[in-house]
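J.: here is a sequence together with a model predicted from it:
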2 protein chains.
Amino acid sequence: MTHIFQTPPCVTSFAAVGGSSEGEGNLGNYFDFISDDEYFGKTTYEQAESELQRQTAALALQKAGLNMSDIDLILGGDLLNQCVATSFAHRESQVSIMGLYSACSTFTESLILSAALTSSGLAKRVLGITSSHFYSAERQYRMPIEYGGQRAPTTQRTATASGAFITEQGEKAPYIKGFTVGRIVDMGVTDAANMGAAMAPAAYDTITRFFSDTGLHLNDFDKIVTGDLGEIGSQLLYKLFARDGVDISAKHLDCGKLLYDPQRQDVHSGGSGCGCVASVSCAYLLPKLQSGESKNILLAATGALMSPTMTQQGESIPAISHAVWLSHSS
Amino acid sequence: MTHIFQTPPCVTSFAAVGGSSEGEGNLGNYFDFISDDEYFGKTTYEQAESELQRQTAALALQKAGLNMSDIDLILGGDLLNQCVATSFAHRESQVSIMGLYSACSTFTESLILSAALTSSGLAKRVLGITSSHFYSAERQYRMPIEYGGQRAPTTQRTATASGAFITEQGEKAPYIKGFTVGRIVDMGVTDAANMGAAMAPAAYDTITRFFSDTGLHLNDFDKIVTGDLGEIGSQLLYKLFARDGVDISAKHLDCGKLLYDPQRQDVHSGGSGCGCVASVSCAYLLPKLQSGESKNILLAATGALMSPTMTQQGESIPAISHAVWLSHSS
């Protein structure tokens, strides 16, 4: 499903918060706030992730001069079982909320739905937000970090980060010009330590469908940005496009590769998680689109729709990618 | 956030599938299909739940004379970690899909978003679906059923069931006339074996906001139907309304109470799960609205937004309820 808005809604505010590793990465200076305390003042990592989300939402509101009561609807999600980081973060908000789950592509799902609901006038102002936390994700998906398990070279580091944005009708860059909702692509990858490989075909499927559905071309965009394919997934994406005779490597950025500095940081294939694409978008991409330094970006977040239970049952990893066309001009 | 559609979209098809306990319940004869095999021909309960969802979607399409390729978008969700019942169910569908998570209130979230996207013309035809499975839920949330643990009298039985519907613009009853998106309500209940008590205040909050936002009254509706408060939660709901001098007991139905026959079935406080409200709606409520036997129903599904991890950390249970106004006339 692809749609181009006749009157594109705009992203009027955005904020990104990260942990210390994210602060030490390539984009550390672009974040609105870096917390040196991985607990964010709380006593468990799950509570920490909720607090991270709460602080990120508060910053996005503060930068817009708004209060939570000015928001009609929160569209949020995260990677924790039953999306509890999001539920507990906004427990006291008194604002209507809908939970989303599309793994690491939840961020663009929230962009798409916020644009759909504001452009149609159903909601005046929507707050979109996603998060992830390295320590809460490690113990849920793999092992508690205290166990000291060795990680495979193909793994990616789940970002301790969150990105929040506010969508409404208006005339203020950046704009959400259109989108393609992803479909599930499963090429049979069963290695849960190599998500980039599982997700690259989904990104390829959605990006090519966006171009064929809209008639737009690679040259209409400054950058094609994927969510978190990391180093290995990005190389696979180039190979998939190369089969069509297309070299996207010069146009391509990946949030998982942008976030950390692999020369200095032990992140293997790069960053990942609901908070990776969210924070890179809100810290780095949206400001460039706001200032006009970037004119058009196609943001294709990617998600691996498995669970540890399905991996233990020998299932392959279904993946998805939702793409959003972000632009400096309406 | 409350909205009344000027031109309400309609639900053009719906289907419900259940397991053997659901077949033996009050509504057994209303289901489109009852499977006597709890595995649905698969080898694990998680695969079974995906197969249950796949069969329910296929029936909703078949009843409308449609194929999966006629659908623009699937909006689906379930209770399993990372919503894998939904992802694996639609892995081969080749249809755009967005995952939703709002616990047992995901069904009305999908009704609301499907109505929003079709009424605004962004999607022509949306398939909404949710499911739950008694055995996959028991081992994820509590204990594998083989353990034989005793259940508290306040517990509810997670339904092995799924409900699917198709929303589009048109003139065919039933219609989705409006909705209220819930906000999170947490009254401090910490007993994960008493979800009805945790969710009743959320249902009260959303139902009263729907009436105050729309100016409609209890008498405008044949029935006010909650998702799965069960026996205990329903009694609490009556007490909350009684504080306002309102007796809703004569107008109220609860899907968790409707699904099973407590005289014959060992279901304690009633049914629950993403599939309970979905299957009761698609098997029992939507047909009544289609035929005109019911004119107007306010369906307020309820969800408990906790996880076993948060319960272990001593947290109380945040709850939510999304309400949809379903009507025989536009």
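T.: Looks like it arrived, so ask away. On a predicted model such as this, the values are computed, not experimentally measured, just so you know.
J.: show me the contacts for residue A:248.
T.: Neighbour list for residue A:248: A:218, A:224, A:237-238, A:241 [criterion: C-beta atoms under 8 Å, 6 or more residues apart in numbering or on different chains]. The way it works is simple: take the backbone N, C-alpha and C, and place the C-beta from them, glycine included.
J.: give me the phi and psi for it.
T.: The phi/psi pair for residue A:248 (degrees, to the nearest 10) reads phi -100, psi 0.
J.: on that earlier part again, closest one of the contacts of residue A:248 to residue B:269?
T.: residue A:237 (50.3 Å; C-beta to C-beta).
J.: quick check: nearest residue in space to that closest one, chain neighbours excluded?
T.: Once flanking residues are discounted, residue A:237 sits nearest to residue A:200: 4.6 Å by C-beta to C-beta, 6 or more residues apart in numbering or on different chains.
J.: ok, now residue A:34?
T.: residue A:23 (3.5 Å).
J.: next: residue A:303.
T.: Nearest non-adjacent residue to residue A:303 (C-beta to C-beta, 6+ apart): residue A:103, at 3.0 Å.
J.: before we move on, back to that, most surrounded residue in the contacts of residue A:248?
T.: residue A:237 (27 neighbours; other C-beta atoms under 10 Å in any protein chain shown).
J.: mind listing the helices for chain A?
T.: When assigned using DSSP state H, the helices of chain A occupy the ranges A:20-23, A:45-63, A:84-89, A:106-119, A:134-141, A:195-214, A:230-242, A:255-258, A:274-280, A:286-291, A:308-312.
J.: deepest-packed of the ones you listed, please.
T.: Of all the helices of chain A, helix A:274-280 has the most neighbours on average by mean count of other C-beta atoms under 10 Å in any protein chain shown, namely a mean of 37.
J.: so which elements touch that one?
T.: strand A:10-18, strand A:73-78, helix A:106-119, strand A:125-132, strand A:161-168, helix A:255-258 (3 or more C-beta pairs under 8 Å, 6 or more residues apart in numbering or on different chains; DSSP states H and E).
J.: show me what it is in contact with.
T.: With C-beta under 8 Å, 6+ apart, helix A:274-280 has contacts from A:16-18, A:22, A:27, A:31, A:52, A:77-79, A:103-108, A:129-133, A:158-164, A:227-228, A:255-256, A:258-259, A:299, A:301.
J.: next one, pLDDT for the residue minimising distance to the centre of chain A please.
T.: The centre of chain A sits closest to residue A:277, judged by C-alpha atoms, centre = their mean, with a distance of 3.0 Å. pLDDT for residue A:277: 98.
J.: distance of it from chain B?
T.: Counting by C-beta to the nearest C-beta, to the nearest Å, the separation of residue A:277 from chain B is 16 Å.
J.: also residue A:188?
T.: 11 Å.
J.: could you list the domains of chain A?
T.: With domains defined by automatic domain parsing, chain A comprises A:2-168, A:175-327.
J.: could those domains be laid out in TSV, adding distance to residue B:139?
T.: TSV is the format used below for these (distance: least, C-beta to C-beta, whole Å):
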stretch	distance to residue B:139
domain A:2-168	13
domain A:175-327	9
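J.: not counting sequence-adjacent ones, nearest residue to residue A:249?
T.: Going by C-beta to C-beta, 6+ apart, residue A:249 has residue A:238 as its nearest residue, at 5.1 Å.
J.: what's the nearest residue to residue A:117 if we skip its chain neighbours?
T.: Among residues not flanking residue A:117 along the chain, residue A:123 sits closest, at 4.3 Å (C-beta to C-beta, 6+ apart).
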